[in-house]
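Colleague: sequence first, predicted coordinates after that:
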Amino acid sequence: TAFPGGLTIPRSNELRNLRAGLVNGHALPVLGETGSGKSASVKMVGTELMQSGAEVVWVKAERFAELLKAVPNFAEVCGRTRKNAGLLIFDALEGCYEAEAHKIIAQTITELTSAPETPWQIALICQTPEWSRVALLLTKYLATSSVLTKRVEFTELSKEDFALVCAAHPSVARLSRQPHLRRVLALPKMLDILLGGQLTENRLLASEADLVDWWWDQQVRGANAIAAEERVARQLAARMADELCTELPPDAVTGSEAPTSALVRNRVLRLTRDGRIRFHHDLLADWSRVKHLLSLGDAVVVFMRVHA
C-alpha cells in the first residue's frame, strides 16, 4: 500500500493470505477500499507466478465483453495453455453494473474452474462495499458457489505495518496515542486522507480537528460546494444523539436515498443486515455531530439550551 509522501507498506499478512488462498479450480475474492493495496498485492503475486513460469492474464472487468468480441472462445484459449499454472485476474468488479457482464464473467469462471485438473486460479478484485451486490449477481450464474468459499480482505493495517507508518510520520504516532483514534488511523483510507492533507498544506503535524476537516471534505462533501451528503450525515448523527441510539430505520433517509448511497460507498455509513443505517465507525458519528453543531452558527446556543 502506497501513501502520500512516498511511504509504501508491505501488507505482509495480506500477501501471505493471498498466496495461500489462490488455489487451482477456485476463484478468490480480494476485497478492500480504494487505495488499500489489493490490486498492487495481486500484481505482486502475479509477477511472482509469472517469474516461476505461470500464465497470468489481467482483465478489467467492465471491458471483458469487448475482449470477448475479439476472442469469443476466451475460456477455451485459456484452457489450451501449456503451462502448469495460470492466474486470471478480474479487476475492478465494482465497475460492472450490467447483468450480462456478470453472466459472462461467471460463465468464464465456471468453464475454467470445472475443467478436470485445471491449472487456473482466479482472483476477483472488488471494493468491499460493492462486493455483496457483485457476489449476488455472480452466484446467480455460477454453476456452483463453492468456488467463492474463501476471501482475502484488505482492512486495517497490522501492528507491524502501522508501526512503520508511525516511525515515518510523527503526526500519526502522535494522534495514535489517543485511544479513540488508534483503530480508525489504522485504516488505509484514513491514513491517506491525513497524510494527503498534510502534504497538500505542507504541514509536519496535524490535529484531530484537521483530520475531521479533511475527512469531511473528501468523504462527505466531495467536490460539491453544498452537498446533500453533508445534510444527511449531520441529520443522522444529530438524530442518533437525540434518541441515544447508534442505528436508525431505513425510513430515516426517505427522500435522500441517493446521497445516502453515496455515503455508504464512501464508507461513512453502512447498512446492517436488516437494512438499518449506522455510521461505519462510532467516531464518524461524533465527527458528524461536531460538523452539525458548527453548521448552526449563532443558533448553536439555542440548540445547546434545548438539548441541555
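Modeller: Done, it's in.

Colleague: contact partners of the host helix or strand of Gln107?
Modeller: According to DSSP states H and E, Gln107 maps onto helix 99-114. The contact list for helix 99-114, computed with Cβ atoms under 8 Å, 6 or more residues apart in numbering, reads 25-27, 61-62, 64-65, 68, 74-76, 78-79, 88, 90, 93, 96, 118, 120, 122, 134, 137-144, 147. Where you see a C-beta, it was placed from the backbone N, CA and C, and this is true even at glycine.

Colleague: give me the average confidence score over that helix.
Modeller: Helix 99-114 carries an average pLDDT of 92.

Colleague: any chance you could list what contacts the very next helix or strand once past it?
Modeller: Downstream of helix 99-114, the next assigned helix or strand under DSSP H and E is strand 120-127. Outside strand 120-127, the residues that touch it by Cβ under 8 Å, 6+ apart are 22-34, 38-39, 42, 46, 78-79, 85-94, 109, 112-113, 134, 138, 147-148.

Colleague: just stretch 155-168 next, same as before
Modeller: Stretch 155-168 is contacted from outside by 1, 3, 5, 7, 9-13, 32, 36, 172-173, 176, 183, 185-188, 191, using Cβ under 8 Å, 6+ apart.

Colleague: buried residues in it, which are they?
Modeller: Buried positions in stretch 155-168, judged by neighbour count with 16 or more other Cβ atoms under 10 Å: 156-158, 161-162, 165-166.

Colleague: just the closest of those residues to Glu230, please.
Modeller: Distance to Glu230, by Cβ to Cβ, is smallest for Glu156 among the buried residues of stretch 155-168, at 26.1 Å.

Colleague: helix/strand/coil for the closest one?
Modeller: The three-state label given to Glu156 by DSSP: H, G, I helix; E, B strand; the rest coil is coil.

Colleague: that older thread, the helix holding Gln107 versus strand 120-127: what angle between them?
Modeller: In terms of direction (axes from the mean of the first three to the mean of the last three Cα atoms, to 10 degrees), helix 99-114 departs from strand 120-127 by 150 degrees.

Colleague: now helix 99-114 - C-alpha only, PDB.
Modeller: Extracted C-alpha coordinates of helix 99-114, given in PDB (Å, rounded to 0.1, in the frame of the first residue of the first chain):
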ATOM      1  CA  ALA A  99     -26.300  -8.300 -15.500                       C
ATOM      2  CA  GLU A 100     -24.800  -9.600 -18.800                       C
ATOM      3  CA  ALA A 101     -21.300  -8.500 -17.700                       C
ATOM      4  CA  HIS A 102     -21.600 -10.600 -14.600                       C
ATOM      5  CA  LYS A 103     -23.000 -13.500 -16.600                       C
ATOM      6  CA  ILE A 104     -20.100 -13.800 -19.000                       C
ATOM      7  CA  ILE A 105     -17.600 -13.500 -16.100                       C
ATOM      8  CA  ALA A 106     -19.400 -16.200 -14.100                       C
ATOM      9  CA  GLN A 107     -19.500 -18.400 -17.200                       C
ATOM     10  CA  THR A 108     -15.800 -18.000 -17.700                       C
ATOM     11  CA  ILE A 109     -15.100 -18.800 -14.100                       C
ATOM     12  CA  THR A 110     -17.200 -21.900 -14.400                       C
ATOM     13  CA  GLU A 111     -15.500 -23.100 -17.500                       C
ATOM     14  CA  LEU A 112     -12.000 -22.600 -16.100                       C
ATOM     15  CA  THR A 113     -12.600 -24.000 -12.600                       C
ATOM     16  CA  SER A 114     -14.700 -27.000 -13.600                       C
END
